[in-house]
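Novice: my questions concern the predicted model and sequence given below.
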Amino acid sequence: MKITLAEIAKIVDGKVVGDESLTVTGLSGIQEAEEGQLTFIADKKFTTYLKDTKASAVIVPQGFALDDKSVVQVDNPSLAFSKVISALFEPYTPSFKGVDPKASVGADVSLGKDVVIAPFTVIDDGCVIGDNTIIMPGGYVGQNTHIGSNCTIHANVSVYHDTRIGHNVIIHSGTVIGSDGFGYTQQDEAHHKIPQIGHVVIEDDVEIGANVTIDRARFNQTIIRRGTKIDNLVQIAHNVDIGEAALIISQAGVSGSVNIGKGAILAGQAGIAGHLSIGDGAIVAAQGGVTKSVPSGEMVSGYPAKPHKEAQKVNAALQRLPEYVKTIRELKKRVDELEKKDK
């Protein structure tokens, strides 16, 4: 590839500060970039990486300039860099076409235009699959499941019966949608299974990472609402309701009947106890253990999770605990000596 900074500025609606005619021949991250390549910094706090980068030009936030490199100033460098990638590189498209003879398609299945059903995929009876949807090898789609248009279901995804998936959904390999919620009742020292007769709903524009598990509801539905993005290795239990445009990061675990608000963020390894609410725009920091509901807009961290500033104070005190213990021992020793003198 060869493209000038002036052409890049048009793609990203940015402003060149430096040599508009400079030609770049590749794209890369700021630490890996070589001479002739274009990179970006998402925020001014990452400027420390600039002194070592070999990149010839950088996409930067508005108002930021460099003495020794040409830059393209934009409102959102990360988004701009993504636009450049999309403009210059063709997206991956599988080589599979149509319904492969090695796939198994059941009775009363409705397939839209240009659907791809790859080898060794099983589509059970009564399913509906929309236009331009791709189901990669080894996929399983259970009875009476509906999948919308322009979806990509990657290899070895299992979608259980009666699931509803909207349009423009991406599900990565190894994910299981609609497995039974973890429901048992105990009697006579035995665990008796509670039937899980609900289903899972995934709305439009959702992306689900690899090896995610989303359980079907005990009754009614587990629902992932429009625009939510879920990282790899996330567990979502039965009857969870995740609001629009939420972010659920790797290894988070959400217990049953939790409501997560619009735009909320669960950072890596966050854990949410059952029957709680995480408000709109709330943030649970990495490894936060939530044992009570979190108000809208609140950021919590630690275990048990508490407002982030309070948790920082608690953590700071814990870091000084050895010093406190030493001081207490010294004070106790002095008190003991004083008490002996008084006797």
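Specialist: Now that the structure is in, tell me what you want to look at. Numbers count the residues shown, from 1 in each chain.

Novice: what's the domain layout of the protein?
Specialist: 3-88, 104-309, 314-342 (automatic domain parsing).

Novice: so which of those domains gets nearest Lys97?
Specialist: In terms of Cβ to Cβ, the element of the domains of the chain nearest to Lys97 is domain 104-309, at 6.5 Å. Every residue, glycine included, has its C-beta placed from N, CA and C.

Novice: just give me how far that closest one sits from the chain centre.
Specialist: Here the centre of domain 104-309 is set off from its chain's centre by 12 Å, with Cα atoms, centre = their mean, to the nearest Å.

Novice: got it, and stretch 4-11?
Specialist: That offset, for stretch 4-11, works out to 31 Å (Cα atoms, centre = their mean).

Novice: the domains of the chain into CSV, with extra columns for mean pLDDT?
Specialist: Below are these laid out as CSV (pLDDT from 0 to 100):
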stretch, mean pLDDT
domain 3-88, 94
domain 104-309, 97
domain 314-342, 92
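
Novice: which of those sits most buried?
Specialist: Mean neighbours per residue, mean count of other Cβ atoms under 10 Å, is largest over the domains of the chain for domain 104-309, with a mean of 19.

Novice: Ala267 contacts Ala282, doesn't it?
Specialist: No - taking Cβ atoms under 8 Å as the definition, Ala267 is not a contact partner of Ala282, at 11.4 Å.

Novice: just put the domains of the chain in TSV and tack on distance to Gly98.
Specialist: As requested, these are arranged in TSV below (distance: least, Cβ to Cβ, whole Å):
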stretch	distance to Gly98
domain 3-88	27
domain 104-309	7
domain 314-342	57
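
Novice: tell me which of those domains sits nearest to Ser95.
Specialist: Closest approach to Ser95 among the domains of the chain is made by domain 104-309 (9.4 Å; Cβ to Cβ).

Novice: ends of the closest one, what's the gap?
Specialist: Domain 104-309 has its terminal residues 55 Å apart, counting by Cα to Cα, to the nearest Å.

Novice: do the same with stretch 115-124
Specialist: By Cα to Cα, the extent of stretch 115-124 from end to end equals 16 Å.

Novice: just the element for Asn232, please.
Specialist: In the assignment (DSSP states H and E), Asn232 maps to no helix and no strand.

Novice: and the gap between it and Gln287?
Specialist: 17 Å (Cβ to Cβ, to the nearest Å).

Novice: before we move on, what about Lys340?
Specialist: Counting by Cβ to Cβ, the separation of Lys340 from Gln287 is 47 Å.

Novice: can you show me the CA trace of stretch 332-343 as PDB?
Specialist: C-alpha atoms of stretch 332-343 as PDB (Å, rounded to 0.1, in the frame of the first residue of the first chain):
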ATOM      1  CA  LYS A 332       2.500  -1.900  73.000                       C
ATOM      2  CA  LYS A 333       6.100  -2.600  74.200                       C
ATOM      3  CA  ARG A 334       6.400   1.000  75.600                       C
ATOM      4  CA  VAL A 335       3.000   0.700  77.300                       C
ATOM      5  CA  ASP A 336       4.000  -2.600  78.900                       C
ATOM      6  CA  GLU A 337       7.300  -1.000  80.100                       C
ATOM      7  CA  LEU A 338       5.400   2.000  81.600                       C
ATOM      8  CA  GLU A 339       2.900  -0.300  83.400                       C
ATOM      9  CA  LYS A 340       5.800  -2.300  84.900                       C
ATOM     10  CA  LYS A 341       7.300   1.000  86.300                       C
ATOM     11  CA  ASP A 342       4.000   1.900  87.900                       C
ATOM     12  CA  LYS A 343       3.800  -1.300  89.800                       C
END
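
Novice: what's the distance between it and the middle of its chain?
Specialist: Chain-centre distance of stretch 332-343: 60 Å, with Cα atoms, centre = their mean.

Novice: what lies in contact with it?
Specialist: Where contact means Cβ atoms under 8 Å, 6 or more residues apart in numbering, no residue beyond stretch 332-343 reaches it.

Novice: just so I know, which of the domains of the chain lies nearest Phe96?
Specialist: In terms of Cβ to Cβ, the element of the domains of the chain nearest to Phe96 is domain 104-309, at 4.4 Å.

Novice: helix/strand/coil for the closest residue to Arg164 other than its chain neighbours?
Specialist: Setting aside the residues directly before and after it, Arg164 is nearest to Val201 in space (Cβ to Cβ, 6 or more residues apart in numbering), at 4.6 Å. Judged by DSSP: H, G, I helix; E, B strand; the rest coil, the three-state class of Val201 is strand.

Novice: which helix in this structure has the most residues?
Specialist: Looking across the chain with DSSP state H, the single longest helix is helix 321-342.

Novice: now the closest residue to Val24 other than its chain neighbours, what's its secondary structure?
Specialist: Spatial nearest neighbour of Val24, excluding adjacent residues (Cβ to Cβ, 6+ apart): Leu38 at 4.3 Å. Of the three states, Leu38 takes strand according to three-state DSSP.

Novice: how much space between Leu38 and Lys15?
Specialist: 15 Å.

Novice: again with Thr39
Specialist: On the measure of Cβ to Cβ, Thr39 and Lys15 end up 17 Å apart.

Novice: quick one: contacts for the residue nearest to Gly274 when sequence neighbours are not counted?
Specialist: Spatial nearest neighbour of Gly274, excluding adjacent residues (Cβ to Cβ, 6+ apart): Ser255 at 3.7 Å. Residues counted as contacts of Ser255 (Cβ under 8 Å, 6+ apart) are Ala237, Gly271, Ile272, Ala273, Gly274, His275, Leu276.
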